[in-house]
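Enquirer: Have a look at this prediction, sequence included:
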Amino acid sequence: MRILHTSDWHLGRQFHGASLDEDHDAVLAQVEAAIAEHAPDVLVIAGDIFDRATPPQSALRRFGDFVQRVGATCGTAIVLIAGNHDSAAQIGMMGVLADPERSLVRGPLDPEERPLLLEDEFGPVAISALPFSYEFAARACYANDAISCPADVLAEQIASARRHVPAGARWVVVAHAFVEGASTSEGERPLTRAVGGIETVPASVFVGAHYVALGHLHRPQAVGAGHVRYSGAPLAFGFDEEGHGKSMTLVDMAADGSIVTTALPIVPRRNVRTLRGKLAELLAAPEGSSDLVSVVLTDETPQIDPMKRLRKLYPHAVQLSYERHESAGARSLRDGRAALERPQDVIASFMGFVREKPMTEAEGSLVVEALADLAIAGEEA
């Protein structure tokens, strides 16, 4: 069985305000070329297909056209799940008219996680697709009020999926999670809304699976074991990913379930780069660059209209700072912006400051429930 594992496309995303539409077109063309060249039995997209729950129409159209082209030109099956950036309901609706024998599309949770069953010359392969879900939705789905963290959610999903794997079948699990010990990037959102909650899951939760195709973290890597892998995102979504290679993972599974993985490099249309130096030095460069650029000026005094002047050579310069400002104050501001991704922590910090005592567990639960209600209302809107 041959699997092409991808994840975290984040269609519709911008990079510091710059459109990535053409960059995504280049990536999708390379995925199609890999399918044509390597003829995988199944294409896996392990969540975060879109960058937000209400993606722009251009992103929906881009993905729809891709699926239509792949379906019309090859026999590759498709398995995809909702990630934490996606709308579970929207992803689920994409599977309504799909061929159930050649595709598995999973958005909302299901208490009975039935796999897609494929056959090769060695027998059946069961592919379980486990979409991302927050704890509050999992408690309702599995009628288990004890679910309190992502590890609990995934344990319920795995237990349900395992019940439906035929005896003797090789087992592939597709999931969107943060596995303990993996390396992160700045563009990833937390996977729990619990105050002070632990968002990681142990690799041991996947015991019994022959290959685990993970999404969420943007760096390609194995974690816990060689068969538990992130394919990584196909594009860099932060300057901390400068110089990191991007790839898809081609997985060849033998009769006994052992695997051989091959990284298929993705060549981005533009790289992310950081330029450092005095303004005059940067403007004196013999040629510019079309890359996505962050500029750090080492001038001691403020320069006149630096970004406008730099963009004549670096039209996609999207960020500018002065080295002297790279101080504790600047880092504090960045940390504050990052904290907005976890509103429960901001609320807890505010209440602790005002009352001079920490938020109680009961108050924390009320905050989490209120944020969950807001999230549901946002998706329904």
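Expert: Received it, and whenever you're ready, just let me know what you need.
Enquirer: do you know how far residue 175 is from residue 312?
Expert: Residue 175 sits 46 Å away from residue 312 when distances are taken as Cβ to Cβ, to the nearest Å. Just so you know, the C-beta spots here come from the backbone N, C-alpha and C atoms, and that holds for glycine as well.
Enquirer: more neighbours, these two?
Expert: residue 175 (28 against 10; other Cβ atoms under 10 Å).
Enquirer: Give me the nearest residue to the more buried one, chain neighbours excluded.
Expert: Distance criterion Cβ to Cβ, 6 or more residues apart in numbering; nearest residue to residue 175, sequence neighbours excluded, is residue 130 at 4.6 Å.
Enquirer: Show residues contacting stretch 88-100.
Expert: 49, 53, 78, 80-82, 103-109, 131-133, 137, 379 (Cβ atoms under 8 Å, 6 or more residues apart in numbering).
Enquirer: Kindly recompute the last result at 10 Å.
Expert: Residues from elsewhere that reach stretch 88-100 (Cβ atoms under 10 Å, 6 or more residues apart in numbering): 45, 47, 49-50, 53-55, 60, 63-64, 67, 71, 77-78, 80-83, 86-87, 103-110, 114, 116, 129, 131-134, 137, 379-380.
Enquirer: Mind checking which of those residues are buried?
Expert: Buried by 16 or more other Cβ atoms under 10 Å: 45, 47, 49-50, 53, 55, 60, 63, 67, 71, 77-78, 80-83, 86-87, 103-107, 109-110, 114, 116, 129, 131-134, 137, out of those.
Enquirer: Where does the record place the domain boundaries for the chain?
Expert: Per the record, the chain has its domains at 2-266, 272-326, 330-380, by automatic domain parsing.
Enquirer: Could you tell me the end-to-end distance of the first one?
Expert: Distances were taken as Cα to Cα, to the nearest Å; on that basis the terminal residues of domain 2-266 are 19 Å apart.
Enquirer: what's the average pLDDT for that domain?
Expert: Averaging pLDDT along domain 2-266 yields 94.
Enquirer: So, low pLDDT: which residues of the stretch 251-381 of the chain?
Expert: Across the stretch 251-381 of the chain, the ranges flagged by pLDDT under 70 are 326-342, 352-356, 361, 365, 372-373, 375-381.
Enquirer: cutoff 90 now
Expert: Residues of the stretch 251-381 of the chain meeting the criterion pLDDT under 90: 285-288, 324-381.
Enquirer: Next SSE downstream of the host helix or strand of residue 68?
Expert: According to DSSP states H and E, residue 68 maps onto helix 57-73. With elements assigned by DSSP H and E, the helix or strand that comes after helix 57-73 is strand 77-81.
Enquirer: Run the angle between that following strand and helix 57-73 for me.
Expert: With axes from the mean of the first three to the mean of the last three Cα atoms, to 10 degrees applied, the angle from strand 77-81 to helix 57-73 works out at 150 degrees.
Enquirer: Can I get the helix or strand that strand 77-81 is followed by in PDB? Just the C-alpha atoms.
Expert: Later in the chain than strand 77-81, the nearest helix or strand by DSSP H and E is helix 88-94. Extracted in PDB, the C-alpha atoms of helix 88-94 (Å, rounded to 0.1, in the frame of the first residue of the first chain):
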ATOM      1  CA  ALA A  88     -15.900  20.600  11.200                       C
ATOM      2  CA  ALA A  89     -19.400  21.000   9.700                       C
ATOM      3  CA  GLN A  90     -18.000  22.400   6.500                       C
ATOM      4  CA  ILE A  91     -15.500  19.600   6.100                       C
ATOM      5  CA  GLY A  92     -18.100  17.100   6.900                       C
ATOM      6  CA  MET A  93     -20.500  18.400   4.200                       C
ATOM      7  CA  MET A  94     -17.700  17.900   1.600                       C
END
